[in-house]
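In: give me the fold of what follows.
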Amino acid sequence: MDNFGGVTPNPNEAPRLDTQGMPQQPQSQPQFVDPMQAQPQSPPIQGAESYGSVPMTDPNAPMAPPQMQQPMDPQTQQVDAMLSPPPAPIDTSSSSSSKSKMIIFAAIGVVLILAAGAGGYFIGYSSGKTAGKQAADAAYQEELAKQQAAADEDVSSEPEELDLSELIDPDYSADESLEGQVGETITSADGFVLRVNNIERNYTTDNPDYVVDETKELVKINFQMGNATKAKTMDISSQTSFKLVDSTGSEVLPANISEYDGKFDVTKLDPGTQSTASIIFEVNKDDVPLQFSRKQPYRITNQNREVTFVTLVTVAE
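Out: From the prediction side, this is the model:
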């Protein structure tokens, strides 16, 4: 037997079951417990000396899942008093609002600058256009005044007589059309001689019964006419022989004014004689060009045909 009352087994002998001795209580096996699953059953006893103990659990109890420690809410964490307080939050709404206002003001400023520039351009353009028109009108009026002054000077002086020293036999064989300028002497094949001395634009008459429309003006043609034939007498009519051709090519008849200097109805010109005359026409104001026209048809009875002689004098252009 060993020291504990047992029988020391003999290794050379077969094992023997001892049925007479007292049964031995089985020794309990040590229990191993997961410290994460350990739950204290009772608070430890505080004594003079405290020794750590390993909590024991029922090995047959179901295992509980491990419990994770819940993180602490950042707002509940205590901040060390030695640390400086956190900075105050920045108000971004006011900053964004200020930037938006600045952008709006800048856009409005650009629009105002563009509007002012456009307005200045149009004002300048209109002013320049108006100034140019006024300058052109002034230049035209000045030129018209010079022409009027020259015409008045020519009217005041006696025109030179026509040179009728060489008389001719009229030639009615064909139609004829001649053109000339103011101051030029023109002799037709029928023997008629014409020279326009000057014209008077915007002529005013003393006749109270004749009223000129504001869109019209009177033009007075001062001329000389002569008969350069050897033996033929001419009867010249102011209403049928002379007309004024305007800018549209229309023939304007003499104005029906009772009295004015140089007026005539019918003038008889003997061979080698001449006469000074004037005719007034009403045309559109400032109309150009204007041509003074003398037109005379002849009927050749023995040949049963007609010939026409036309003389055009440009009096305004």
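In: every contact and neighbour count from this point should use C-alpha atoms.
Out: Noted.
In: for stretch 261-277, buried residues please.
Out: Of the residues in stretch 261-277, those buried under the neighbour-count criterion (16 or more other CA atoms under 10 Å) are K263, F264, L269, D270, P271, G272, Q274, T276, A277.
In: what is the mean pLDDT for it?
Out: Over the span of stretch 261-277, the pLDDT mean works out to 97.
In: likewise stretch 217-230?
Out: Mean per-residue pLDDT for stretch 217-230: 98.
In: now do the buried residues in that stretch.
Out: In terms of neighbour count (16+ other CA under 10 Å), stretch 217-230 has its buried residues at 217-229.
In: then stretch 162-173?
Out: So for stretch 162-173, counting by 16+ other CA under 10 Å, buried means L162, L164, I168, P170, Y172.
In: okay, how far is it across that stretch, tip to tip?
Out: For stretch 162-173, the first-to-last residue distance is 26 Å (CA to CA, to the nearest Å).
In: show me the shaky parts of the protein.
Out: Across the chain, residues meeting the criterion (pLDDT under 70) sit at 1-97, 124-125, 127-129, 131, 140, 144-156.
In: for it, which segments count as strands?
Out: Secondary structure of the chain (DSSP state E): strands at 176-181, 185-187, 192-201, 216-227, 234-237, 242-245, 251-252, 266-269, 274-284, 290-300, 305-316.
In: ok, the buried residues of stretch 217-230 vs F292, which is closest?
Out: Relative to F292, the closest of these is I221; by CA to CA it sits at 8.0 Å.
In: I'd assumed E200 was in contact with that closest one.
Out: Yes - distance between I221 and E200: 6.7 Å, which falls inside the contact criterion (CA atoms under 8 Å).
In: can you tell me which residues contact Q296?
Out: Residues counted as contacts of Q296 (CA atoms under 8 Å, 6 or more residues apart in numbering) are S241, T308, F309, V310.
In: looking at these, state which has the most neighbours.
Out: Across the contacts of Q296, neighbour numbers were computed from other CA atoms under 10 Å; F309 holds the maximum, 19 neighbours.
In: which non-adjacent residue is nearest that one?
Out: Nearest residue to F309 in three dimensions, chain neighbours excluded: E176, at 4.8 Å (CA to CA, 6 or more residues apart in numbering).
In: hmm, Y298 and the one you found touching each other?
Out: No - at 11.6 Å, E176 and Y298 do not qualify as touching, with contact defined as CA under 8 Å.
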